[in-house]
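Enquirer: this one's structure only:
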């Protein structure tokens, strides 16, 4: 019994290890089944992804038809949108299937979120297009804009789907790597556990087994070692008797049969998984290739050979170095970039292959474009995908052509706008700048309308105009009058005046509309303008005398402040922006009673400017159109300091002509001038 107990103890240890091996093998089988299921799901998701990519391409074609349909029959809201909505519904089904599968595995990935975001943007763009069409207020520019925005959204969605495809391929590669790892584990575990079994048997055999058990146990040990080494079909010793050794032999036979069954089952599942992987790769619409860490060809799908190396199937076999494949393609004449520079292109292609840095384009044939994307695997191999983007390139060329046509149309519109701008500048010369600006800013409507407003009105007139002009030729008169009107108009505009009209040699000016700084500031600005006009006339008289004009122009100005009617007067076909009312008539009458060189202002104006302007009240005047005498004031413009004006005293009346510019008189001349004025005063008093 003692030996038997020891034998039982000796046998229990390896049997336990063998049972552990069986348990671990079962665990590995379940993991392998999980990996196979994952590969199957990835295959279905990839199919949905590429179906979605195909639908995006079809949608882009339909979206590009919208402008042409609108131009040809204006039916973009009918058949065109119907086809787009049908494709969009199909696209939504595929993206929903992708989302459901991906969320069931690992939750929403970044690439899946990018697809959802791009799909949402596409929905919004198409909803906006549909809403624009439903409104019925759509034009060609809108259709082009909507088509471009929708196409941009489709491009973003296509990119997002491509990025998702890359993630799926990475997951698929990880599943394949996992399947390989699981496939090798049973062998490793069998070796480890078998080794432990052998060690335990040797130890316990050396301690407890005598010659009676050596031969039988040696045979059993050799059989166990063979099984642990993977020789599951090795011959087992026949069990003799009913003792423990015989039981061990029987147990070993059962274990061996179980291991053989498990191995055959695992091999069947691995073969099936590999075939499913191959089928999944073949179903991809893009080309796919895998090179190992030694840069030798492992596998690819037929699409890879069709896209990249047509006619080179005999060259590309498993184990073929990548450099041989590239060299054969370069010298085949099928690579557009390699023609005439084969060796340089081979060097460039190998550099990109060794150190991948994102996708790049390869031009095959005359008009065939391939987008190549390579990345390194964890083992140092290279996985690459090859996407046919010929349609995208052709679409880009079509968009560039459409852009060129649009730019030409914009150029024509710009030329027309420039012509209109030039015309508006010419028309502006017939309007006061303030009125012109308010109309073009949309602040004033062009319609017959008026309003009551407090304004300061000024009338300027040339005294003795007829007497002066009778001595001038028409050309001289025209130049002189235009020079006078230009100078006066510049001064008026500098002070913010609105020039109402030119009445022969007279100018009608008012302050307070369409722009106003308030009644008081408007009145002060009007008087300062009048002072500046009188002083400028004094300066111009010197120039006119030097040109031979015997009696230069002198002006008289009348100013009044009060409520006037201002606005557009006339007919629907032609109107004039002007002011009317008694206050306007009073300003005109005050101008007629002023002496040459004088500025006469009404009492209402004086009450607003008396703190800023010096004026002397004149005798009340009876003027035409007014029953009562009119209080008036004569502005002492020789003592005013108008901003920007030159200190100058100018008097030009019958028998009197004085012109003094204080800035141009030196101290010595001032003394001499003072003595001359004193002599003149003395002479005037004596006579």
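Expert: Yes, it's here. If you're wondering where the values come from, they're calculated on a predicted model, not measured in any experiment. Residues are numbered from 1 along each chain as shown.
Enquirer: for the stretch 151-300 of the chain, what spans make up the helices?
Expert: For the stretch 151-300 of the chain, helices defined by DSSP state H, counting those that start in this stretch occupy the ranges 211-228, 244-283.
Enquirer: Tell me the helices and strands packed up against the last one.
Expert: Right, helix 244-283. helix 2-72, helix 140-208, helix 211-228, strand 297-300 (3 or more C-beta pairs under 8 Å, 6 or more residues apart in numbering; DSSP states H and E). Every residue, glycine included, has its C-beta placed from N, CA and C.
Enquirer: Using a markdown table, please lay out the ones you listed together with mean neighbour count.
Expert: Listed next are the helices and strands packed on helix 244-283 as a markdown table, based on neighbours: other C-beta atoms under 10 Å:
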| stretch | mean neighbour count |
| --- | --- |
| helix 2-72 | 18 |
| helix 140-208 | 18 |
| helix 211-228 | 17 |
| strand 297-300 | 17 |
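Enquirer: Would you indicate which residues of stretch 591-611 are buried?
Expert: The neighbour-count check on stretch 591-611 (16 or more other C-beta atoms under 10 Å) flags 591, 593-594, 596-602, 604-606, 608-609 as buried.
Enquirer: Name the nearest of those residues relative to residue 224.
Expert: Distance to residue 224, by C-beta to C-beta, is smallest for residue 608 among the buried residues of stretch 591-611, at 124.6 Å.
Enquirer: List phi and psi for the closest one.
Expert: Dihedral pair for residue 608: phi -90, psi -30, per degrees, to the nearest 10.
Enquirer: And the longest strand anywhere in the chain, how far out from the chain middle?
Expert: The longest strand of the chain (DSSP state E) is strand 554-570. Computed by C-alpha atoms, centre = their mean, to the nearest Å, the chain-centroid distance of strand 554-570 equals 54 Å.
Enquirer: who does that strand pair up with?
Expert: strand 449-463 (antiparallel), strand 575-580 (antiparallel), strand 599-602 (parallel) (DSSP bridges).
Enquirer: and residue 385, what is it in contact with?
Expert: Neighbouring residues of residue 385 by C-beta atoms under 8 Å, 6 or more residues apart in numbering: 165-166, 169, 286-288, 372-373.
Enquirer: Just confirm it is within a strand.
Expert: Yes - counting by DSSP: H, G, I helix; E, B strand; the rest coil, residue 385 is found in a strand.
Enquirer: That one and residue 370, how far apart?
Expert: Counting by C-beta to C-beta, to the nearest Å, the separation of residue 385 from residue 370 is 10 Å.
Enquirer: Need the overlap of contacts for the two.
Expert: With contacts defined as C-beta under 8 Å, 6+ apart, the residues shared by residue 385 and residue 370 are residue 287.
Enquirer: Any idea which of the helices of the stretch 151-300 of the chain gets closest to residue 571?
Expert: Set against residue 571 and scored by C-beta to C-beta, these come closest in helix 244-283, at 79.8 Å.
Enquirer: Now do the closest one and helix 140-208, the angle between them.
Expert: Helix 244-283 and helix 140-208 meet at an angle of 170 degrees, taking axes from the mean of the first three to the mean of the last three C-alpha atoms, to 10 degrees as the criterion.
Enquirer: mean confidence for helix 244-283?
Expert: Confidence for helix 244-283, expressed as mean pLDDT, is 79.
Enquirer: Name the residues of it that come out as buried.
Expert: Going by neighbour count (16+ other C-beta under 10 Å), the buried part of helix 244-283 is 244-249, 251-252, 255-256, 259, 262-263, 266, 269-270, 273-274, 277, 280-281.
Enquirer: For residue 633, pull up the helix or strand it's in.
Expert: Here residue 633 sits within strand 632-635, counting by DSSP states H and E.
Enquirer: For that strand, name the packing helices and strands.
Expert: Using 3+ C-beta pairs under 8 Å, 6+ apart: strand 632-635 touches helix 519-546, strand 599-602, helix 603-609, strand 615-617.
Enquirer: can you rerun that using 10 Å?
Expert: helix 519-546, strand 554-570, helix 582-593, strand 599-602, helix 603-609, strand 615-617 (3 or more C-beta pairs under 10 Å, 6 or more residues apart in numbering; DSSP states H and E).
Enquirer: Quickly compare these and say which is most buried.
Expert: strand 599-602 (a mean of 28; mean count of other C-beta atoms under 10 Å).
Enquirer: quick one: that one to chain centroid distance?
Expert: On the basis of C-alpha atoms, centre = their mean, strand 599-602 sits 62 Å off its chain's mean C-alpha point.
Enquirer: Repeat that for stretch 159-174.
Expert: 28 Å.
Enquirer: Likewise for stretch 451-471?
Expert: Here stretch 451-471 is found 58 Å from its chain centre; the criterion is C-alpha atoms, centre = their mean.
Enquirer: For residue 671, give me its contacts.
Expert: Residues in contact with residue 671, defined by C-beta atoms under 10 Å, 6 or more residues apart in numbering, are residue 665.
Enquirer: oh, and call the first residue 640 from now on, that's how I've got it
Expert: Sure thing, new numbering starts at 640, so read that last one as residue 1310.
Enquirer: What strand or helix carries it?
Expert: Per DSSP H and E: helix 1306-1325 holds residue 1310.
Enquirer: what is the rounded mean pLDDT of that helix?
Expert: On average, helix 1306-1325 scores 79.
Enquirer: Of all the strands paired with strand 1193-1209, which one comes closest to residue 973?
Expert: If we rank the strands paired with strand 1193-1209 by C-beta to C-beta, the stretch that ends up nearest is strand 1214-1219, at 76.5 Å.
Enquirer: Could you verify my assumption that residue 785 touches residue 763?
Expert: No - applying C-beta atoms under 10 Å as the test, residue 785 and residue 763 come out as separate, 11.4 Å apart.
Enquirer: The helix or strand encompassing residue 1132 packs against which elements?
Expert: Here residue 1132 sits within helix 1113-1133, counting by DSSP H and E. With contacts taken as 3+ C-beta pairs under 10 Å, 6+ apart, helix 1113-1133 sits against helix 1072-1079, strand 1088-1102, helix 1104-1108, strand 1137-1142, strand 1145-1150, helix 1158-1185.
Enquirer: lowest-confidence stretch among these?
Expert: Among the helices and strands packed on helix 1113-1133, helix 1072-1079 carries the lowest mean pLDDT (a mean of 56).
Enquirer: Run a quick check on residue 1191 versus residue 1180, I expect a contact.
Expert: Yes - between residue 1191 and residue 1180 there is a contact under C-beta under 10 Å: 4.1 Å.
Enquirer: one step back: which single one of the buried residues of stretch 1230-1250 is nearest to residue 695?
Expert: Distances from residue 695 to the buried residues of stretch 1230-1250, taken by C-beta to C-beta, are shortest for residue 1247, at 74.6 Å.
Enquirer: ok, so what distance separates the closest one from residue 1150?
Expert: The gap separating residue 1247 from residue 1150 is 11 Å, by C-beta to C-beta.
Enquirer: Please enumerate the shared neighbours of these two.
Expert: Joint contacts of residue 1247 and residue 1150 (C-beta under 10 Å, 6+ apart) are 1095, 1158, 1160-1163, 1165-1166, 1200.
Enquirer: Farthest pair within these?
Expert: The farthest-apart pair in those, when distances are taken by C-beta to C-beta, is 1158 and 1166, at 12.9 Å.
Enquirer: hey, what's in contact with both of these two?
Expert: Shared contacts of residue 1158 and residue 1166 (C-beta under 10 Å, 6+ apart): 1095, 1150, 1244, 1247.
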